[in-house]
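Asker: One predicted model, sequence on top.
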Amino acid sequence: MASSSLIVSYVFLILNCFTQSFADTSEILNDNPEWKLALKKIEELQKTVKIQNDRIAMLEMQSRESSNLALTDLQITIKHQSDQITKLEARIQDFETILTTEENGPIKIIDPEPMSESNKINFSAKPKLVRKGRLLLQPTTVPVESVAFYAYFSTNIPASSAYHILAFDKVITNVGNAYHPHSGTFIAPRSGLYVFTWTIRLWGQRYHTTELLVNNIVVNSIYLRPENMDGGVTGTVVVQVNQGDDVLVRTGLKSTGDIISDTWGRSSFAGWLLM
(Lines give C-alpha, C1' and ligand atoms only; values in the text may rest on other atoms or scores of the structure.)
Protein backbone atom coordinates (compact mmCIF):
# COMPACT_ATOMS: atom_id res chain seq x y z
CA MET A 1 0.00 0.00 0.00
CA ALA A 2 2.82 2.35 0.82
CA SER A 3 4.45 1.39 -2.49
CA SER A 4 1.30 2.39 -4.41
CA SER A 5 1.16 5.76 -2.65
CA LEU A 6 4.77 6.35 -3.56
CA ILE A 7 4.09 5.61 -7.26
CA VAL A 8 1.12 8.00 -7.33
CA SER A 9 3.25 10.72 -5.76
CA TYR A 10 5.93 10.29 -8.41
CA VAL A 11 3.38 10.48 -11.26
CA PHE A 12 1.81 13.63 -9.81
CA LEU A 13 5.23 15.20 -9.51
CA ILE A 14 6.08 14.39 -13.15
CA LEU A 15 2.76 15.80 -14.45
CA ASN A 16 3.28 19.05 -12.51
CA CYS A 17 6.74 19.39 -13.95
CA PHE A 18 5.45 18.73 -17.54
CA THR A 19 2.60 21.21 -17.17
CA GLN A 20 4.93 23.86 -15.83
CA SER A 21 7.40 23.12 -18.66
CA PHE A 22 4.65 23.40 -21.36
CA ALA A 23 3.39 26.67 -19.87
CA ASP A 24 6.92 28.06 -19.83
CA THR A 25 7.46 26.93 -23.45
CA SER A 26 4.19 28.54 -24.64
CA GLU A 27 5.10 31.77 -22.91
CA ILE A 28 8.52 31.74 -24.56
CA LEU A 29 7.01 31.03 -28.02
CA ASN A 30 4.41 33.75 -27.67
CA ASP A 31 7.14 36.24 -26.97
CA ASN A 32 9.22 34.96 -29.94
CA PRO A 33 8.76 37.24 -33.04
CA GLU A 34 9.69 34.40 -35.43
CA TRP A 35 6.94 32.24 -33.93
CA LYS A 36 4.42 35.06 -34.34
CA LEU A 37 5.54 35.53 -37.96
CA ALA A 38 5.10 31.80 -38.61
CA LEU A 39 1.58 31.88 -37.16
CA LYS A 40 0.74 34.87 -39.38
CA LYS A 41 2.04 33.04 -42.44
CA ILE A 42 -0.08 30.01 -41.55
CA GLU A 43 -3.20 32.16 -41.28
CA GLU A 44 -2.44 33.80 -44.65
CA LEU A 45 -1.94 30.40 -46.27
CA GLN A 46 -5.23 29.19 -44.83
CA LYS A 47 -7.00 32.24 -46.31
CA THR A 48 -5.28 31.64 -49.67
CA VAL A 49 -6.36 27.99 -49.68
CA LYS A 50 -9.95 29.02 -48.97
CA ILE A 51 -9.90 31.56 -51.82
CA GLN A 52 -8.48 28.94 -54.23
CA ASN A 53 -11.10 26.41 -53.17
CA ASP A 54 -13.85 28.96 -53.83
CA ARG A 55 -12.41 29.74 -57.26
CA ILE A 56 -12.14 26.03 -58.14
CA ALA A 57 -15.78 25.51 -57.17
CA MET A 58 -16.84 28.48 -59.31
CA LEU A 59 -14.81 27.25 -62.32
CA GLU A 60 -16.28 23.77 -62.00
CA MET A 61 -19.78 25.28 -62.04
CA GLN A 62 -18.96 27.39 -65.13
CA SER A 63 -17.46 24.35 -66.85
CA ARG A 64 -20.64 22.35 -66.25
CA GLU A 65 -22.78 25.18 -67.64
CA SER A 66 -20.55 25.50 -70.73
CA SER A 67 -20.66 21.74 -71.27
CA ASN A 68 -24.44 21.74 -71.04
CA LEU A 69 -24.66 24.60 -73.56
CA ALA A 70 -22.25 22.86 -75.97
CA LEU A 71 -24.23 19.64 -75.63
CA THR A 72 -27.46 21.47 -76.48
CA ASP A 73 -25.88 23.04 -79.58
CA LEU A 74 -24.54 19.65 -80.64
CA GLN A 75 -27.96 18.06 -80.27
CA ILE A 76 -29.51 20.81 -82.42
CA THR A 77 -26.83 20.29 -85.09
CA ILE A 78 -27.37 16.52 -85.10
CA LYS A 79 -31.14 17.02 -85.44
CA HIS A 80 -30.64 19.39 -88.39
CA GLN A 81 -28.25 16.98 -90.12
CA SER A 82 -30.64 14.07 -89.55
CA ASP A 83 -33.42 16.05 -91.21
CA GLN A 84 -31.16 16.83 -94.17
CA ILE A 85 -30.20 13.15 -94.52
CA THR A 86 -33.87 12.15 -94.49
CA LYS A 87 -34.66 14.65 -97.26
CA LEU A 88 -31.69 13.47 -99.36
CA GLU A 89 -32.72 9.83 -98.95
CA ALA A 90 -36.21 10.73 -100.15
CA ARG A 91 -34.78 12.48 -103.23
CA ILE A 92 -32.55 9.48 -104.00
CA GLN A 93 -35.60 7.21 -103.76
CA ASP A 94 -37.46 9.44 -106.24
CA PHE A 95 -34.53 9.38 -108.67
CA GLU A 96 -34.28 5.60 -108.44
CA THR A 97 -37.99 5.32 -109.20
CA ILE A 98 -37.61 7.60 -112.23
CA LEU A 99 -34.66 5.57 -113.56
CA THR A 100 -36.53 2.30 -113.02
CA THR A 101 -39.53 3.68 -114.91
CA GLU A 102 -37.37 4.79 -117.83
CA GLU A 103 -35.65 1.39 -118.01
CA ASN A 104 -38.94 -0.51 -118.04
CA GLY A 105 -40.52 1.79 -120.66
CA PRO A 106 -43.25 4.29 -119.98
CA ILE A 107 -46.06 3.06 -122.24
CA LYS A 108 -47.02 -0.18 -123.94
CA ILE A 109 -49.96 -0.49 -126.35
CA ILE A 110 -51.85 -3.81 -126.24
CA ASP A 111 -54.20 -5.03 -128.97
CA PRO A 112 -56.17 -7.77 -127.19
CA GLU A 113 -57.76 -9.59 -130.14
CA PRO A 114 -58.28 -9.36 -133.91
CA MET A 115 -61.12 -7.06 -134.93
CA SER A 116 -63.00 -5.95 -137.98
CA GLU A 117 -61.75 -2.93 -139.86
CA SER A 118 -64.43 -0.68 -138.33
CA ASN A 119 -63.71 -1.88 -134.83
CA LYS A 120 -59.99 -1.45 -135.37
CA ILE A 121 -60.52 2.17 -136.33
CA ASN A 122 -62.54 2.85 -133.19
CA PHE A 123 -60.06 0.96 -131.04
CA SER A 124 -57.04 2.77 -132.41
CA ALA A 125 -58.56 6.07 -131.33
CA LYS A 126 -58.57 4.88 -127.72
CA PRO A 127 -55.64 2.51 -127.25
CA LYS A 128 -55.38 0.57 -124.00
CA LEU A 129 -52.33 1.80 -122.12
CA VAL A 130 -50.45 -0.27 -119.59
CA ARG A 131 -47.85 1.65 -117.57
CA LYS A 132 -44.96 -0.13 -115.97
CA GLY A 133 -43.66 1.47 -112.81
CA ARG A 134 -44.68 4.74 -111.20
CA LEU A 135 -44.26 7.86 -113.37
CA LEU A 136 -43.23 10.89 -111.35
CA LEU A 137 -42.66 13.30 -114.26
CA GLN A 138 -45.47 15.15 -116.00
CA PRO A 139 -46.30 13.96 -119.54
CA THR A 140 -44.31 15.74 -122.23
CA THR A 141 -44.24 15.82 -125.98
CA VAL A 142 -40.45 15.42 -125.96
CA PRO A 143 -39.33 11.79 -126.41
CA VAL A 144 -37.91 10.18 -123.28
CA GLU A 145 -34.61 9.41 -125.02
CA SER A 146 -33.86 13.12 -125.71
CA VAL A 147 -31.22 14.55 -123.37
CA ALA A 148 -29.72 18.05 -123.59
CA PHE A 149 -28.72 20.90 -121.28
CA TYR A 150 -27.20 24.36 -121.37
CA ALA A 151 -26.27 26.59 -118.39
CA TYR A 152 -23.99 29.55 -117.69
CA PHE A 153 -22.72 31.64 -114.77
CA SER A 154 -25.17 34.41 -113.87
CA THR A 155 -22.28 36.53 -112.53
CA ASN A 156 -18.50 36.52 -112.09
CA ILE A 157 -17.30 33.81 -109.72
CA PRO A 158 -14.09 33.48 -107.67
CA ALA A 159 -12.25 30.30 -108.60
CA SER A 160 -8.66 30.65 -107.40
CA SER A 161 -8.38 27.25 -105.74
CA ALA A 162 -7.33 24.13 -107.65
CA TYR A 163 -9.88 21.39 -108.42
CA HIS A 164 -12.86 23.64 -107.68
CA ILE A 165 -16.09 22.31 -109.28
CA LEU A 166 -17.74 24.96 -111.46
CA ALA A 167 -21.49 25.03 -110.76
CA PHE A 168 -23.08 26.88 -113.71
CA ASP A 169 -26.17 28.22 -111.97
CA LYS A 170 -28.31 29.80 -114.72
CA VAL A 171 -30.04 26.93 -116.53
CA ILE A 172 -31.50 27.70 -119.97
CA THR A 173 -32.10 24.17 -121.26
CA ASN A 174 -32.43 20.96 -119.26
CA VAL A 175 -34.23 18.32 -121.32
CA GLY A 176 -34.39 15.16 -119.20
CA ASN A 177 -33.58 17.09 -115.97
CA ALA A 178 -30.16 15.46 -115.82
CA TYR A 179 -28.12 18.61 -115.10
CA HIS A 180 -28.03 19.74 -111.44
CA PRO A 181 -27.06 23.44 -111.15
CA HIS A 182 -26.45 23.40 -107.38
CA SER A 183 -23.61 20.88 -107.76
CA GLY A 184 -22.66 21.66 -111.37
CA THR A 185 -22.96 17.96 -112.23
CA PHE A 186 -24.65 16.21 -115.15
CA ILE A 187 -25.79 12.64 -114.32
CA ALA A 188 -26.42 10.61 -117.45
CA PRO A 189 -30.01 9.24 -117.49
CA ARG A 190 -29.07 6.66 -120.12
CA SER A 191 -25.99 5.24 -121.79
CA GLY A 192 -24.85 6.63 -125.13
CA LEU A 193 -22.48 8.85 -127.06
CA TYR A 194 -22.54 12.42 -125.69
CA VAL A 195 -21.14 15.77 -126.75
CA PHE A 196 -20.01 18.23 -124.05
CA THR A 197 -18.67 21.75 -124.52
CA TRP A 198 -17.67 24.48 -122.07
CA THR A 199 -16.46 28.06 -122.44
CA ILE A 200 -14.36 30.08 -119.96
CA ARG A 201 -13.92 33.86 -120.16
CA LEU A 202 -11.11 35.79 -118.39
CA TRP A 203 -9.48 39.19 -118.43
CA GLY A 204 -6.44 40.96 -116.95
CA GLN A 205 -3.79 38.93 -115.15
CA ARG A 206 -6.10 35.98 -114.41
CA TYR A 207 -5.29 32.52 -115.75
CA HIS A 208 -7.07 29.20 -115.51
CA THR A 209 -6.81 25.57 -116.46
CA THR A 210 -10.22 23.89 -116.56
CA GLU A 211 -10.96 20.19 -116.96
CA LEU A 212 -13.96 18.11 -118.00
CA LEU A 213 -14.29 14.88 -116.00
CA VAL A 214 -16.40 11.76 -116.49
CA ASN A 215 -16.57 9.72 -113.28
CA ASN A 216 -13.52 11.58 -111.88
CA ILE A 217 -11.47 10.85 -115.02
CA VAL A 218 -10.13 13.89 -116.90
CA VAL A 219 -11.29 13.63 -120.53
CA ASN A 220 -10.15 17.06 -121.78
CA SER A 221 -8.65 20.30 -120.44
CA ILE A 222 -8.17 23.87 -121.69
CA TYR A 223 -5.92 26.75 -120.56
CA LEU A 224 -6.26 30.53 -120.92
CA ARG A 225 -4.02 33.44 -119.86
CA PRO A 226 -5.20 36.63 -121.62
CA GLU A 227 -2.30 38.87 -120.41
CA ASN A 228 -4.15 42.15 -119.65
CA MET A 229 -6.78 41.47 -122.32
CA ASP A 230 -10.31 40.09 -122.41
CA GLY A 231 -10.37 36.57 -123.79
CA GLY A 232 -12.23 33.29 -123.88
CA VAL A 233 -11.49 29.64 -124.60
CA THR A 234 -13.75 26.67 -125.41
CA GLY A 235 -13.25 22.94 -124.97
CA THR A 236 -15.30 20.16 -126.60
CA VAL A 237 -15.41 16.40 -126.12
CA VAL A 238 -17.32 13.50 -127.69
CA VAL A 239 -17.35 10.61 -125.24
CA GLN A 240 -19.21 7.42 -124.39
CA VAL A 241 -21.05 7.83 -121.07
CA ASN A 242 -22.86 5.09 -119.17
CA GLN A 243 -26.12 5.51 -117.30
CA GLY A 244 -25.48 7.01 -113.85
CA ASP A 245 -22.05 8.44 -114.76
CA ASP A 246 -21.44 12.01 -113.61
CA VAL A 247 -19.91 14.71 -115.81
CA LEU A 248 -18.59 18.04 -114.53
CA VAL A 249 -16.14 20.88 -115.15
CA ARG A 250 -13.57 21.93 -112.55
CA THR A 251 -10.50 24.14 -112.27
CA GLY A 252 -7.12 22.54 -112.79
CA LEU A 253 -3.88 22.86 -110.88
CA LYS A 254 -3.05 26.31 -112.29
CA SER A 255 -5.94 28.66 -111.50
CA THR A 256 -6.17 32.18 -110.11
CA GLY A 257 -8.68 35.04 -110.13
CA ASP A 258 -12.34 35.34 -111.08
CA ILE A 259 -14.00 33.66 -114.03
CA ILE A 260 -15.92 36.34 -115.95
CA SER A 261 -19.54 36.00 -117.06
CA ASP A 262 -21.72 38.96 -117.99
CA THR A 263 -23.77 40.40 -120.87
CA TRP A 264 -20.56 40.92 -122.87
CA GLY A 265 -19.81 37.21 -122.81
CA ARG A 266 -20.87 34.14 -120.82
CA SER A 267 -18.85 31.33 -119.27
CA SER A 268 -21.03 28.29 -119.95
CA PHE A 269 -21.43 24.49 -119.95
CA ALA A 270 -23.57 22.43 -122.36
CA GLY A 271 -24.09 18.83 -123.42
CA TRP A 272 -26.43 16.57 -125.36
CA LEU A 273 -26.98 12.94 -126.29
CA LEU A 274 -25.64 12.34 -129.79
CA MET A 275 -26.71 8.72 -130.28
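Answerer: Received, thanks.
Asker: Buried residues, stretch 261-274. List them.
Answerer: By 16 or more other Cβ atoms under 10 Å, the buried positions in stretch 261-274 come out as 261, 266, 267, 268, 269, 270, 271, 272, 273. C-betas here are computed from N, CA, C, even on glycine.
Asker: What distance do you get for residue 247 to residue 217?
Answerer: 10 Å (Cβ to Cβ, to the nearest Å).
Asker: more crowded one of these two?
Answerer: When residue 247 and residue 217 are compared for neighbours, residue 247 comes out ahead with 23 against 10, by other Cβ atoms under 10 Å.
Asker: surely that one meets residue 189?
Answerer: No - using Cβ atoms under 8 Å, residue 247 is not in contact with residue 189; the gap is 11.8 Å.
Asker: can you pull out the helices in the stretch 101-250 of the chain?
Answerer: 117-125 (DSSP state H, counting those that start in this stretch).
Asker: Residue 37 and residue 47, how far apart?
Answerer: 16 Å.
Asker: Now for the residue nearest to residue 225 when sequence neighbours are not counted, how many residues are close by?
Answerer: Nearest residue to residue 225, sequence neighbours excluded (Cβ to Cβ, 6 or more residues apart in numbering): residue 207, at 3.7 Å. Counted with other Cβ under 10 Å, the neighbours of residue 207 add up to 15.
Asker: and residue 207, what is it in contact with?
Answerer: By Cβ atoms under 8 Å, 6 or more residues apart in numbering, the residues touching residue 207 are 223, 224, 225, 226, 254, 255, 256, 257.
Asker: Tell me what it is bridged to.
Answerer: When bridges are called by DSSP bridges, residue 207 pairs up with residue 256.
Asker: Model confidence score at it, please.
Answerer: You'll see residue 207 listed with a pLDDT of 83.
Asker: Check the gap between it and residue 48 for me.
Answerer: 66 Å.
Asker: Just want the most central residue of this structure.
Answerer: By Cα atoms, centre = their mean, the chain has its centre lying nearest to residue 81, at 9.4 Å.
Asker: Got phi/psi on residue 60?
Answerer: For residue 60, the backbone dihedrals (degrees, to the nearest 10) come out as phi -60, psi -40.
Asker: which residues does it contact?
Answerer: Per Cβ under 8 Å, 6+ apart, neighbours of residue 60: none.
Asker: Out of the buried residues of stretch 261-274, flag the one nearest to residue 198.
Answerer: residue 269 (4.6 Å; Cβ to Cβ).
Asker: Distance of the closest one relative to residue 183?
Answerer: 12 Å.
Asker: repeat for residue 268
Answerer: 17 Å.
Asker: circling back: hmm, which of the contacts of residue 207 are the buried ones?
Answerer: By 16+ other Cβ under 10 Å, the contacts of residue 207 give 224, 226, 255, 256, 257 as buried.
Asker: Confidence-wise, which of those comes last?
Answerer: residue 226 (77).
Asker: On the pLDDT front, check the closest residue to that one other than its chain neighbours for me.
Answerer: Among residues not flanking residue 226 along the chain, residue 202 sits closest, at 5.3 Å (Cβ to Cβ, 6+ apart). According to the prediction, residue 202 has pLDDT 87.
Asker: Verify the stated contact: residue 202 with residue 256.
Answerer: No - at 9.9 Å, residue 202 does not count as touching residue 256 under the criterion of Cβ under 8 Å.
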